[in-house]
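structure of the sequence below:
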Amino acid sequence: MSEALFLGFGGTLAILFIGALGIPVAYALMVVGMAGMWYVGGFSFLETTVKMLPYTILSNYSFAIIPMFLLMGALASAAEITTELYAFANRLLGRVRGGLLMATVVASAIFAAISGSTIVNASVFTRIALPEMRKFGYDLGISAGCIAAAGTFAALIPPSISLVIIGLLTEASIGALLIAGILPGILTAVMYIFGIGVLVRVRPSLVPRHGLSETAARISNFEALVSIGPAVLLMVIVLGGIYTGLMFPSSAGAVGAAGALLIAVMRRKINLEKLWHVVRSSAGSTATLFFIVIGGLLFSRFLTFGGFIHEVTALVSEWQLTQLQFLIVLSILYLILGMFLDTLSILLVTIPFLFPIAQSVGVDEIWFGILVVKLIEIAAITPPVGLNLFAVMSASERRIPSKTIIAGVIPFVIIELFTLSLIIAFPAISTWLPSQMMN
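Numbers count the residues shown, from 1 in each chain. As a prediction, this is how the structure comes out:
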């Protein structure tokens, strides 16, 4: 093994080891990246990089999209849009067997289009949907598993923070990546609804009763439809602006945040104190994300200048992997890593060397981004380190045992794997819509 490969694999293992000790991944990425740069380029190279890289990153206009999308999701949640979305979906599907599960899927998919955070989605719908499902006698495990799995839609359906980070790491078009997530996201939601329909017929004991929630029962179909109008309008403005080229993704995020604030004000759901809390929370999340991204780019710089990426790409070329073989290896790698690492850590550790390999075997950069996000979706609900599982358990105030939610989420993991195979088999699911975008 060459020195470059030894350093690259050694650095990756060091990050995994440090993370396993419970040390925040940002510190692990920074320490290993800085140590590696000092070794391969000396102190002057390290000093120059550490001085310049954080400023270069934070002064990049493209990064403005992250705080704007986070703020939009927080304001939309404060405006209680989720309650109306769930009531609307429940009016449509509540009387179908398994309807409350299907309503959770539909409402989560719509809210994902104005949220961007899988943990927020999972936490919010745990508080809204879980009590209703328990009241109608739904199995606790399948209810919690559905909420955790449906929460992952926010990783794929724009505005997705994960897709933004992939765009920043690969220098692919962020707008094209965001639009590319729409069809795979809709496909996933449809597959969930179909899978739930099959599941409740095979095991009818999981949903002994079905009906409308109290909120949905108090309103008519027309009132339910009207109530989601602001959320749909907000979604159309943001995604339509990006798709038509009228707005850059960063501008669309700002417009979306302003729209969500306007909705909250008009509904009298927010005051100055609550607004300050929302802004502080979004700023804190943004700072955390930026800190981790800077660490990831320091590590990426070490891999690049140390020759690791060149050596790995050459090695894979010698193996002469076909595109399909590479995608199978990629899937297995992410599924294994997803059992032990959080999704953001996986992205920052692996994208720097996997993306050049993907390009070498002819994988389109947009298709690659969607496949990676689909895989980290699965990682978010894969035990033992499935962040959405922890989010649901936390939001339920620990009333759900870990073994119960793990058993309940397994059917949705199977559905996700089947959906992943469709996205691999038919790349156009990911690439067709971006190809129709206006410049």
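
and residue 76, what does it touch?
By CB atoms under 8 Å, 6 or more residues apart in numbering, the contact list for residue 76 reads 82, 111, 114-115, 231, 234, 260, 263-264. The C-beta positions use only the backbone N, C-alpha and C, and glycine is treated the same way.

meant to ask about residue 355, not that
Counting by CB under 8 Å, 6+ apart, residue 355 touches 169-170, 365, 368.

10 Å - rerun?
By CB atoms under 10 Å, 6 or more residues apart in numbering, the residues touching residue 355 are 166, 169-172, 300, 309, 363, 365, 368-369, 372.

most neighbours among the residues you listed, which one?
The residue in these with the most neighbours, by other CB atoms under 10 Å, is residue 369 (31 neighbours).

what helix or strand is it located in?
For residue 369, the host element (DSSP states H and E) is helix 365-379.

so the helix or strand following that helix versus helix 365-379, what angle?
For helix 365-379, the following helix or strand on the C-terminal side (DSSP H and E) is helix 387-395. Orientation check (axes from the mean of the first three to the mean of the last three CA atoms, to 10 degrees): helix 387-395 against helix 365-379 gives 40 degrees.

hey, C-alpha coordinates of helix 387-395 in PDB?
C-alpha atoms of helix 387-395 as PDB (Å, rounded to 0.1, in the frame of the first residue of the first chain):
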ATOM      1  CA  LEU A 387     -31.000   9.800  14.400                       C
ATOM      2  CA  ASN A 388     -34.700   9.800  13.500                       C
ATOM      3  CA  LEU A 389     -35.300   6.900  15.900                       C
ATOM      4  CA  PHE A 390     -33.800   8.900  18.700                       C
ATOM      5  CA  ALA A 391     -35.700  12.000  17.700                       C
ATOM      6  CA  VAL A 392     -39.000  10.100  17.900                       C
ATOM      7  CA  MET A 393     -38.100   8.500  21.200                       C
ATOM      8  CA  SER A 394     -37.100  11.900  22.600                       C
ATOM      9  CA  ALA A 395     -40.300  13.700  21.400                       C
END
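
does residue 96 count as helix, strand or coil?
coil (DSSP: H, G, I helix; E, B strand; the rest coil).

what residues are up against it?
For residue 96, the contact set (CB under 10 Å, 6+ apart) comprises 102-103, 193, 196-197, 200, 207, 210.

what's the answer for residue 12, then?
Counting by CB under 10 Å, 6+ apart, residue 12 makes contact with 32, 299, 303, 308, 349-350, 352-353.

that one: which element?
helix 3-20.

tell me the helix or strand right after that helix.
Following helix 3-20 in sequence, per DSSP H and E, is helix 25-58.

how distant is the next helix or strand after that next one from the center of its chain?
Counting by DSSP H and E, the next helix or strand C-terminal to helix 25-58 is helix 65-78. Helix 65-78 sits 14 Å away from the centroid of its parent chain (CA atoms, centre = their mean, to the nearest Å).
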